[in-house]
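Colleague: predicted model and sequence follow; I will ask about them next.
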Amino acid sequence: MTHPAKTLDIVALGEAMLEFNQTKGQAPGEPPLYLQGFGGDTSNAAIAAARAGARVAYLSRLGADRWGDRLMDLWQRENVATTAVLRDAQAPTGMYFVSHDAQGHHFSYARAGSAASRMQPQDLAHWQAPIAQSQWLHLSGISLAISSSACDTVFVAMQLAQNVGTRVALDSNLRLSLWPLARAQACIRQAVGLCDLFLPSLEDMTTLTGLTQAADIIAWSHAQGAAQVVLKLGADGALASDGQTQRTVPGHTVQVLDATGAGDCFAGNLLARLSAGDTLWDATTHANAAAALSVQAYGAVAPLPRREEVLNLLMKAARP
């Protein structure tokens, strides 16, 4: 079967949102201050990939509102193609708030009934061409979780990608505030069976499967059907597997200010380097360094590094 020419490296599908990230006001009685930015896991990954040099497009619905306009402006500034983004006059663009304490970062969402949650399989009529033209389709557990119609849309998109020779990457990104655990377990297990590359985190997989050992999680992921797996281990780096060989990529010692979007940065950089022809191991090494850079400032998008910054960190780490 002849497939369309791959004029894109990555198309990402999901929900993008406005972000309000708390920068001050953690002390008792101190009024909070928030930095306005942008978020949404697959959008973050798309921007990270574009900054890494990949040809990227985004697929979603946005409200026909000022927040939606700001996201469109963001993607255009970041060289993420927006021609397939649909605008919905009947629903708003979602937003979320991030607060920080000794236990880490915490999310509060204002996304119920958002435009993106209203995506449906019929939207694939608009998105079929960019999916067919791309090397990779990137999705996440959040793409599956925001509504039943969005979940259906994701599965149709995955099947479409398989039919046109586009590889599928799935980030687990489990958010139990969005759906019950039993539904998450069933849907993510089914989605893993349809993906070429699975990008779980250790915490997500322990919640989803009860497994606590990295090797067991890798084995579970391959057993569901994922050809390649990269397990994100936070500060400890990542464990990558192609089904035959497993390699651990150690973490980088950095001062963590805000881990919001670090996993999305990892995913975008990994896919960018795989699209460029890197091996799974080299791509994981690059993605791990990019994620380490991304946690050193506030916000999901602003700290996403460019390729030169990642290469500089890798050069420093390689020095004796």
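Modeller: On my side now, so go ahead. Values in this document were obtained by computation on a predicted structure and should not be read as measured data.
Colleague: drop to CA atoms for contacts and neighbour counts, all remaining ones
Modeller: Fine.
Colleague: packing partners for the least confident helix or strand in the chain by mean pLDDT?
Modeller: Per-element confidence for the chain was summarised using mean pLDDT, DSSP states H and E. The lowest value among helices and strands belongs to strand 104-110, with a mean of 81. Under the contact definition 3 or more C-alpha pairs under 8 Å, 6 or more residues apart in numbering; DSSP states H and E, strand 104-110 sits against strand 95-101.
Colleague: which residues are in contact with whichever strand or helix holds residue 288?
Modeller: Secondary structure assigned from DSSP states H and E places residue 288 in helix 280-294. Helix 280-294 has contacts (C-alpha atoms under 8 Å, 6 or more residues apart in numbering) with 230, 237-238, 240, 242, 247, 249, 251-254, 259, 261-263, 265-271, 273-274, 303-305, 310-311, 313-314.
Colleague: the helices in the stretch 1-150 of the chain, which residues?
Modeller: Under the criterion DSSP state H, counting those that start in this stretch, the stretch 1-150 of the chain contains helices at 41-51, 66-77, 124-132, 141-145, 148-163.
Colleague: any idea which of these is most buried?
Modeller: With neighbours defined as mean count of other C-alpha atoms under 10 Å, these peak in mean count at helix 41-51, which reaches a mean of 30.
Colleague: just checking, residue 86 touches residue 62?
Modeller: Yes. Assessed by C-alpha atoms under 8 Å, residue 86 is found in contact with residue 62 at 6.3 Å.
Colleague: so where's this structure shaky on pLDDT?
Modeller: Across the chain, the stretches falling below the confidence threshold (pLDDT under 70) are 1, 24-27, 258, 320.
Colleague: repeat that with 90
Modeller: Within the chain, the stretches falling below the threshold (pLDDT under 90) are 1-5, 19-37, 39, 96-112, 177, 234-237, 250-261, 295-303, 314-320.
Colleague: the more surrounded of residue 86 and residue 62?
Modeller: Of the pair residue 86 and residue 62, residue 62 is the one with more neighbours under other C-alpha atoms under 10 Å, namely 29 against 19.
Colleague: is the more buried one bridged to anything, and to what?
Modeller: Listed by DSSP bridges, the beta-bridge partners for residue 62 are residue 87.
Colleague: just to revisit the earlier point, what angle sits between the least confident helix or strand of the chain and strand 95-101?
Modeller: Orientation check (axes from the mean of the first three to the mean of the last three C-alpha atoms, to 10 degrees): strand 104-110 against strand 95-101 gives 160 degrees.
Colleague: what residues does strand 104-110 touch?
Modeller: Counting contacts by C-alpha under 8 Å, 6+ apart, the residues outside strand 104-110 that touch it are 94-100, 258-260.
Colleague: let's see it at 6 Å
Modeller: Strand 104-110 has contacts (C-alpha atoms under 6 Å, 6 or more residues apart in numbering) with 94-99.
Colleague: same deal with stretch 151-163?
Modeller: Taking contacts as C-alpha under 6 Å, 6+ apart, the residues outside stretch 151-163 that touch it are 120-121, 144.
Colleague: same deal with stretch 4-12?
Modeller: Stretch 4-12 has contacts (C-alpha under 6 Å, 6+ apart) with 42, 54-58, 133-138, 275.
Colleague: can you do 7 Å?
Modeller: Contacts to stretch 4-12, defined as C-alpha atoms under 7 Å, 6 or more residues apart in numbering, come from residues 42-43, 46, 54-59, 130-139, 275.
Colleague: now swap in stretch 215-234 and tell me
Modeller: The list of residues contacting stretch 215-234 from outside it, by C-alpha under 7 Å, 6+ apart, reads 189, 192-202, 205, 211, 238-243.
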